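Trainee: following is a predicted model, sequence given first.
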Amino acid sequence: MFILVNNTDNVLASPDEFPTLGEALAYAEAFRQRYAAQGYYLTADGFRIDPKHIELEVLPAEDGGR
């Protein structure tokens, strides 16, 4: 099992765990694509960044996100 962490905002990118690395990576790509249509991702501290710069990290679920 894997989790996806949004290191840009220091939160989980999804509350769900992913059974495979591939599924977690696919979700990461879809996560970025959601913001591509508007052209930016608004960070928790109010900065607009290019969606390709969202820092997402896949970790084994047992790490608990760190």
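Mentor: Arrived safely.
Trainee: was I right to think Glu57 contacts Asn7?
Mentor: Yes - assessed by CB atoms under 8 Å, Glu57 is found in contact with Asn7 at 5.5 Å. C-beta: built from backbone N, CA, C; applies to glycine.
Trainee: more neighbours, these two?
Mentor: Glu57 (14 against 11; other CB atoms under 10 Å).
Trainee: SS state for the nearest residue to the more buried one once chain neighbours are set aside?
Mentor: If the residues on either side of it in the chain are set aside, Glu57 comes closest to Val5, at 4.7 Å by CB to CB, 6 or more residues apart in numbering. Three-state call for Val5 (DSSP: H, G, I helix; E, B strand; the rest coil): strand.
Trainee: any idea what Val5 is bridged to?
Mentor: On the basis of DSSP bridges, Val5 is bridged to Leu12, Glu57.
Trainee: residue contacts, Ala26?
Mentor: If you count contacts by CB atoms under 8 Å, 6 or more residues apart in numbering, Ala26 has none.
Trainee: for it, pull up the helix or strand it's in.
Mentor: helix 21-36 (DSSP states H and E).
Trainee: can you give me the buried ones in that helix?
Mentor: Across helix 21-36, burial judged by 16 or more other CB atoms under 10 Å covers 24, 27-28, 31-32, 35.
Trainee: could you export these as a markdown table, including pLDDT?
Mentor: A markdown table is the format used below for those (pLDDT from 0 to 100):
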| residue | pLDDT |
| --- | --- |
| Ala24 | 98 |
| Tyr27 | 98 |
| Ala28 | 97 |
| Phe31 | 96 |
| Arg32 | 96 |
| Tyr35 | 96 |
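Trainee: tell me, what's touching Glu57 and Asn7 both at once?
Mentor: With CB under 8 Å, 6+ apart, Glu57 and Asn7 have no common neighbours.
Trainee: pass me the low-pLDDT residue ranges in the chain, would you?
Mentor: Where the chain drops to pLDDT under 70, the residues are 63-66.
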